[in-house]
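In: return a 3D structure for these sequence lines:
(4 chains)
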2 protein chains.
Amino acid sequence: MISTRGRYALRVMIDLAEQGGGPVPLKDMAERQGISKKYLEILMRDLVEGGLVRGASGRGGGYRLCRAPDEISVGEILERMEGSMATVACLAEGAEECPRASCCKTLPMWKEYDRLVHDFFAGRRLSDFV
Amino acid sequence: MISTRGRYALRVMIDLAEQGGGPVPLKDMAERQGISKKYLEILMRDLVEGGLVRGASGRGGGYRLCRAPDEISVGEILERMEGSMATVACLAEGAEECPRASCCKTLPMWKEYDRLVHDFFAGRRLSDFV
DNA sequence: AAATAACCTACTATGTCAATAGGTAAAAAA
DNA sequence: TTTTTTACCTATTGACATAGTAGGTTATTT
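Out: Residues are numbered from 1 along each chain as shown, chains lettered A, B, ... in the order given. Model (predicted):
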């Protein structure tokens, strides 16, 4: 289940794309999207650390995208916000090799599923939403 | 992320399908699959309540599938075990209608994603694994 | 100097996951 | 009829994630 972290972040990123290039204050986005500003702050930090947006302090400041909307995929955003988009623990990034992997009857299906999900989100860009 | 609930349950169901029709003791399945018997007990209860398996007490007892393996889909099992396979809260079973639904730019994608996932698991049957 | 805005640390309430522990009821074999 | 085997049931726990809230600090512009 995709959590609010990923869903809110995506909506904010689309909002940023829609507002053009200029810096957009978080307060405005929170109001437009109907999301708690305080909560959004935390999510923005993750996006900044992930190199997806950058913020400018002070009057006239705000957030802006680091890249053009057609260069940012939904997959990147979700991966940042949801920790990892691995669909099963066996396929997660730092997971130790499962001892049953060689004989596991279900693993091939999970791999197929994992690829399906990744491809789905990798193929969608911010520019598709505006 | 698919949890151990869903993954273990699927493995047990495949195990049951492989052992033929006769009742299979949980102890044997737990050993074969390398899963805690006590934990599996809880999962079996859910499967029983869901009408997917039925248990027989006493010596010579055990669990058996309620239907033929080609009549049981992975989707049914996961839906039972993971509570609901809704991929976002907005699309969950008893969710109240989101006030932003009519103007939400992301909802169409979530719907598409939800359908993709559902179709993927609905199209796979236990008999595909044996 | 004042206003604006991002940035930062810390806390909390709720819920789920993944089990564990210990006991009860049913059914078959001895 | 007793014993064994098996499912069934209730309760509890530790760890972690989610979805926030609260309050303060730094940076930048007017």
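
In: and the residue lying farthest from the centre of chain A, backbone torsions?
Out: Relative to the centre of chain A, the most outlying C-alpha is that of A:Cys103, 34.1 Å out, by C-alpha atoms, centre = their mean. Here is the backbone geometry of A:Cys103 (degrees, to the nearest 10): phi -120, psi 0.

In: so which strand or helix has the residue most central in space within chain A?
Out: Nearest to the geometric centre of chain A sits A:Ile77, at 1.8 Å (C-alpha atoms, centre = their mean). If you go by DSSP states H and E, A:Ile77 is part of helix A:74-81.

In: ranges for the strands of chain A?
Out: Ranges of strands in chain A, per DSSP state E, are A:53-56, A:62-65.

In: JSON lines for those strands, including mean pLDDT?
Out: Listed next are these as JSON lines, based on pLDDT from 0 to 100:
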{"stretch": "strand A:53-56", "mean pLDDT": "98"}
{"stretch": "strand A:62-65", "mean pLDDT": "98"}
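
In: hey, which of those is tucked in deepest?
Out: strand A:62-65 (a mean of 20; mean count of other C-beta atoms under 10 Å in any protein chain shown). (Each C-beta comes from the backbone N, C-alpha and C, glycine too.)

In: picking up where we left off before, gap between the residue farthest from the centre of chain A and chain B?
Out: 11 Å (C-beta to the nearest C-beta, to the nearest Å).

In: cool, and A:Glu41?
Out: A:Glu41 is 21 Å from chain B, by C-beta to the nearest C-beta.

In: nearest spatial neighbour of that residue, chain-adjacent residues omitted?
Out: Nearest residue to A:Glu41, sequence neighbours excluded (C-beta to C-beta, 6 or more residues apart in numbering or on different chains): A:Leu26, at 6.6 Å.

In: closest to B:Pro99 out of the strands of chain A?
Out: Among the strands of chain A, strand A:62-65 comes nearest to B:Pro99, with 24.9 Å by C-beta to C-beta.

In: in chain A, what residue is nearest DNA strand D?
Out: A:Gly58 (2.6 Å; C-beta to the nearest atom of the strand).

In: residues near that residue, how many?
Out: 7 (other C-beta atoms under 10 Å in any protein chain shown).

In: same question for the one 3 residues further on.
Out: Under the neighbour criterion other C-beta under 10 Å, A:Gly61 is assigned a count of 13.

In: excluding its backbone neighbours, what's nearest it?
Out: Here the residue nearest A:Gly61, using C-beta to C-beta, 6+ apart, is A:Pro23, at 5.5 Å.

In: one step back: who's in contact with the residue nearest to the centre of chain A?
Out: A:6, A:9-10, A:13, A:47, A:52 (C-beta atoms under 8 Å, 6 or more residues apart in numbering or on different chains).

In: ranges for the helices of chain A?
Out: For chain A, the helices defined by DSSP state H occupy A:4-18, A:26-33, A:37-49, A:74-81, A:107-122.

In: what does chain A put close to DNA strand C?
Out: A:24-27, A:41-42, A:44-45, A:48, A:54-63, A:89 (C-beta under 7 Å from any atom of the strand).

In: tell me how far the nearest residue to A:Met29 once chain neighbours are set aside lies from A:Ser36.
Out: Of all residues not flanking A:Met29 in the chain, A:Asp15 sits nearest, at 5.1 Å (C-beta to C-beta, 6+ apart). Distance, A:Asp15 to A:Ser36, by C-beta to C-beta, to the nearest Å: 15 Å.

In: which one of those two is surrounded by more residues?
Out: A:Asp15 (19 against 11).

In: find me the pLDDT at the more buried one, would you?
Out: At A:Asp15, the pLDDT value in this model is 98.

In: contacting residues for A:Gly6?
Out: A:77-78, A:81-82.

In: check A:His118 too.
Out: Contacts of A:His118 (C-beta under 8 Å, 6+ apart): A:75, A:85.

In: then A:Val74?
Out: When contacts are taken as C-beta under 8 Å, 6+ apart, A:Val74 is in contact with A:10, A:121-122, A:124-126, B:109.
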